[in-house]
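Participant: I need the structure of the sequence given here:
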Amino acid sequence: MDLDLDEDGHPRLRLEVGEPGGEKSHYSLLAIPGERVIHRQYLAGAQEWHSLPAELASINPMVLDSELAVFFRRAFDLRLEGPERRHPAGFW
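Facilitator: So this is what the prediction gives:
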């Protein structure tokens, strides 16, 4: 987990995951002027980017749980059990 600046100079919180020595997949939250954020995923295996522009209110447990669950499923075919236990049926 790192806090740095993206290529455009926006503050970014980034979680990198992958094999040592290999290209890393990552999930990032980018702060954008105007009280907005971008939830961004980079999937190293597929070399794909996925972005979700959102309001600051999207930085909450339900959205973060669902975004991280999607990231780990897309990047590693890994299903997280925690979000399903924490959120009501029908949320997923």
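
Participant: and the residue nearest to residue 46 when sequence neighbours are not counted, backbone torsions?
Facilitator: Counting by C-beta to C-beta, 6 or more residues apart in numbering, residue 46 lies nearest to residue 74, which is 7.8 Å off, once chain neighbours are set aside. (C-beta placed from N, C-alpha, C; glycine too.) The phi/psi pair for residue 74 (degrees, to the nearest 10) reads phi -70, psi -50.

Participant: from residue 34, how far out is residue 74?
Facilitator: Distance, residue 74 to residue 34, by C-beta to C-beta, to the nearest Å: 28 Å.

Participant: would you map the helices across this protein?
Facilitator: Assigned by DSSP state H, the chain shows helices spanning 61-76, 82-86.

Participant: just put the ones you listed in CSV and tack on mean pLDDT, mean neighbour count and distance to residue 10.
Facilitator: Formatted as CSV, those follow (pLDDT from 0 to 100; neighbours: other C-beta atoms under 10 Å; distance: least, C-beta to C-beta, whole Å):
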stretch, mean pLDDT, mean neighbour count, distance to residue 10
helix 61-76, 91, 17, 18
helix 82-86, 74, 12, 27
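
Participant: as CSV, these with distance to residue 8 would be great.
Facilitator: Listed next are these as CSV, based on distance: least, C-beta to C-beta, whole Å:
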stretch, distance to residue 8
helix 61-76, 21
helix 82-86, 30
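
Participant: and of those, who's closest to residue 26?
Facilitator: Residue 26 sits nearest to helix 61-76 of all the helices of the chain, at 8.6 Å, using C-beta to C-beta.

Participant: put the alpha carbons of the closest one into CSV.
Facilitator: Only the C-alpha atoms of helix 61-76 are listed here, as CSV (Å, rounded to 0.1, in the frame of the first residue of the first chain):
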residue,chain,number,x,y,z
PRO,A,61,-17.1,0.3,3.5
MET,A,62,-19.8,-1.1,1.1
VAL,A,63,-18.3,0.4,-2.1
LEU,A,64,-14.7,-0.4,-1.1
ASP,A,65,-15.7,-4.0,-0.2
SER,A,66,-17.4,-4.4,-3.6
GLU,A,67,-14.6,-2.8,-5.6
LEU,A,68,-11.9,-4.8,-3.9
ALA,A,69,-14.0,-8.0,-4.3
VAL,A,70,-14.3,-7.3,-8.1
PHE,A,71,-10.5,-6.5,-8.3
PHE,A,72,-9.4,-9.8,-6.7
ARG,A,73,-11.9,-11.8,-8.7
ARG,A,74,-10.8,-10.1,-12.0
ALA,A,75,-7.0,-10.1,-11.2
PHE,A,76,-6.6,-13.5,-9.5
